[in-house]
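Task: produce atomic coordinates for the following.
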Amino acid sequence: MEQLKKSRAFYCLECGKCTAVCPISTFNKGYSPRRMLAEGIFYGGRDLLSDRLLWSCLTCQLCSQRCPVDVKYSEYMRDVRAEAYKEGRWGNPSHGGALLHIMEMAASPGLKQNRTGWITEDLRIKQKGEFLYFVGCLPYFQDFFAKDFTFEPVSIARDAVRVLNRIGIEPVVLENERCCGHDLYWLGQLEKFDELGRLNMKDIEESGAKTVITACPECALSLKKLYPERLGKAGYEVLHISEIFARSIDKLKFKELNMEVTFQDPCRLGRYLGVYDQPRQVLSSIPGVKLHEMRRNRRGSICCGTTNWMNCDASSGQIQRSRLKEAKETGAKTLVTACPKCQIHFRCAACGEQEEKSDLLVSDFVNIVASALEG
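Numbers count the residues shown, from 1 in each chain. Next up, the predicted model:
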């Protein structure tokens, strides 16, 4: 009952606007946010706990944005999932659940990791200082996805530090940084999320950092909003890397790249944190880069099709291929993302069956900026 109040589910008008815009409902007619809400409001939600579709919600917030009474559907889904998890019920994790298990293991206080093996000699970092670069799961993604997708996730981390050095920042990189816990939060494992949050906040505060920078929108959301909501206010500012690049644009000297690109707004960066202009401002500052907008952009952008490494199914693939088609229709040759997971999901969709393959290139925002640096 308390969860229904907090998410404003009781205010649901059953207008169906949520279902009309839901990316999952577009391709899976059996899934309906309106029905999910009705199950909880009118029937107590018991059947939801065993419904496999409970784990399909992308928590992309597109439905809440269209809701006329501000029902917080993503939070409602999180709380129902938490109840299901308590009863030992679970969805269908992708990659055998390995990535979720890594998050759970990262919450162990005694864990010691080798988190900085990706740092090359040309990168300047510190042990303590005003700025901290929060790397996120890129080192784990390197082991999982680099071989299959000809994609170097840690190149995002290297290029992030490279560009920060160019604007005069030598960031702290934590030797034992933990997963931010974003996925566990939305899957209802709130105790594990809190454990990860406490460990990360302690290490960040001990580093002396006043500004935390991350290239992952999910980390940015967790550190900036979710940790303070659950664990208390932190003594540092949190920025997505596109924000610090935009603030420091006068310090960056670019060469011409001659690229036609379109930009995928990550749900966490856009609808959750309201960062839309900064990545576009930086990309448009690079000589020779022509930015095309997709039909559905900014607040109306469509999710990359799967989240939390859960229930990645045929609907996910259809969403991703539809989005790649929309990107290509702009005339762009490269789809730029500012979220490592978006890139992984789009690359996965683009290398499917022959009729599903796409010749659209996919690249990260940070890699594009670093490749444009003069000298």
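
bridging residues for T307?
Listed beta-bridge partners, T307: M310 (assigned using DSSP bridges).

Surely L291 is within a strand?
Yes: using DSSP: H, G, I helix; E, B strand; the rest coil, the assignment for L291 is a strand.

Now do the contacts for G40.
When the contact criterion is Cβ atoms under 8 Å, 6 or more residues apart in numbering, the partners of G40 are L4, A9, L48, Y76, V80. In short, each C-beta sits where N, CA and C put it, glycine included.

Pull out the buried residues from the helix or strand harbouring it.
When elements are defined using DSSP states H and E, G40 is found to belong to helix 33-43. With burial defined by 16 or more other Cβ atoms under 10 Å, the residues of helix 33-43 counted as buried are P33, R34, R35, M36, L37, E39, G40, I41.

residue contacts, E256?
If you count contacts by Cβ under 8 Å, 6+ apart, E256 has them with I286, P287, G288.

R35 - nearest residue in space that isn't next to it in sequence?
With sequence-adjacent residues excluded and distances taken as Cβ to Cβ, 6 or more residues apart in numbering, R35 is closest to T19, at 7.6 Å.

Surely S301 is in contact with R268?
No: the criterion here is Cβ atoms under 8 Å, and S301 misses it with R268 at 11.5 Å.

Now do the same contact list for the spatially closest residue to H95 that is not a sequence neighbour.
Sequence neighbours aside, W309 is the residue nearest to H95 in space, at 6.3 Å (criterion: Cβ to Cβ, 6+ apart). Applying Cβ under 8 Å, 6+ apart, we find W309 in contact with P93, S94, H95, G97, L99, L100, D183.

Report the two of those residues separated the most.
Largest separation among those by Cβ to Cβ: H95 and D183, giving 12.1 Å.

So what would you say the end-to-end distance of stretch 178-189 is?
Using Cα to Cα, to the nearest Å, the end-to-end distance of stretch 178-189 comes to 16 Å.

Please enumerate the helices of the stretch 1-150 of the chain.
2-6, 17-21, 23-27, 33-43, 46-49, 62-66, 73-86, 98-106, 138-149 (DSSP state H, counting those that start in this stretch).

want to throw those into TSV with distance to T337 and mean pLDDT?
Below are these laid out as TSV (distance: least, Cβ to Cβ, whole Å; pLDDT from 0 to 100):
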stretch	distance to T337	mean pLDDT
helix 2-6	32	77
helix 17-21	21	97
helix 23-27	16	97
helix 33-43	25	94
helix 46-49	32	93
helix 62-66	17	96
helix 73-86	21	95
helix 98-106	18	92
helix 138-149	13	90
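
Can you add distance to L335 and give those helices back as TSV?
Below are those laid out as TSV (distance: least, Cβ to Cβ, whole Å):
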stretch	distance to L335
helix 2-6	36
helix 17-21	22
helix 23-27	17
helix 33-43	27
helix 46-49	35
helix 62-66	19
helix 73-86	25
helix 98-106	23
helix 138-149	14
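
which one of those lies closest to C216?
Taking Cβ to Cβ as the measure, the helices of the stretch 1-150 of the chain were each checked against C216, and helix 138-149 came out nearest at 7.7 Å.

about what we covered before: out of the helices of the stretch 1-150 of the chain, which is closest to R280?
For the helices of the stretch 1-150 of the chain, the distance to R280 is smallest for helix 62-66, at 19.5 Å, taking Cβ to Cβ.
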